[in-house]
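Enquirer: with the sequence up front, the predicted model follows.
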Amino acid sequence: MSQTLEQAMYSVSQLFLLPTLLLITLLFLYAFWVLGEFVTLSWRRRQGGGRPLTAAHRAAGPQGLSEDELDLQAHRLMEGPRIASRVTPLLGLVATMIPMGPALKGLSDGNLAQVSSNLAVAFSAVILALIAAAITFWVANVRRRWLAEEMLDIARSRNQAGAA
């Protein structure tokens with residue numbers, strides 16, 4: 001019974017290698033997309049634009065957006081990079097652990113080519129996942145600060161308008 005369960009768990013876990021590698025590849029590409037967006041937004045901010053909350057606040061009319069609406073908008077803008085920065089390392093760990101089973105089996109069988117092949121997949125996947133996570137984490141943190149600055153500027157302008 002125990003051996004059947006172990007074999008079933010091994011077989012099921014092996015099914016997740018290809019989808020995990022595919023997700024890591026997509027998240028790696030997404031990280032560079034986010035980095036490109038960040039560079040563009042940074043350039044636009046230096047030109048006096050690139051402030052999505054301020055633009056949404058102005059577009060909402062004379063009253064603008066409420067503080068809660070601004071907060072929700074900021075969370076929406078941060079959702080993708082924030083999730084990617086947290087999920088990608090987890091997928092890297094999964095992609096590292098799945099090939100370890102076949103690698104250890106190959107080692108016990110004396111098949112060093114199988115060990116080498118599986119370890120190459122495992123380490124390549126985790127490296128790409130960590131690079132993607134580092135990029136999205138950095139971008140998410142800087143953008144979070146930018147959005148907080150925008151929210152502060154909007155609150156100041158409201159206070160100045162209310163005092164006048």
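Expert: That came in fine, so what should we check first?
Enquirer: after the helix or strand bottoming out on mean pLDDT in the chain, which helix or strand is next?
Expert: The weakest-scoring helix or strand in the chain, judged by mean pLDDT, DSSP states H and E, is helix 100-109 (a mean of 85). Note on helix 100-109: by DSSP states H and E, the next helix or strand toward the C-terminus is helix 112-163.
Enquirer: per-residue confidence averaged over that next one?
Expert: The pLDDT scores in helix 112-163 average 92.
Enquirer: quick check: angle from it to helix 100-109?
Expert: Going by axes from the mean of the first three to the mean of the last three Cα atoms, to 10 degrees, helix 112-163 is angled at 160 degrees with respect to helix 100-109.
Enquirer: what packs against the helix or strand harbouring Thr96?
Expert: Element membership of Thr96 [criterion: DSSP H and E] is helix 67-97. Applying 3 or more Cβ pairs under 8 Å, 6 or more residues apart in numbering; DSSP states H and E, we find helix 67-97 packed against helix 17-46, helix 52-59, helix 112-163. C-beta: built from backbone N, CA, C; applies to glycine.
Enquirer: so how far is the first one off the chain centroid?
Expert: Read it as helix 17-46. Relative to the centre of its chain, helix 17-46 is centred 8 Å away, using Cα atoms, centre = their mean, to the nearest Å.
Enquirer: same check on stretch 7-21?
Expert: Distance of stretch 7-21 from the chain centroid (Cα atoms, centre = their mean) equals 23 Å.
Enquirer: for Pro99, give me its contacts.
Expert: Residues near Pro99 by Cβ atoms under 8 Å, 6 or more residues apart in numbering: 17, 118-119, 121-122.
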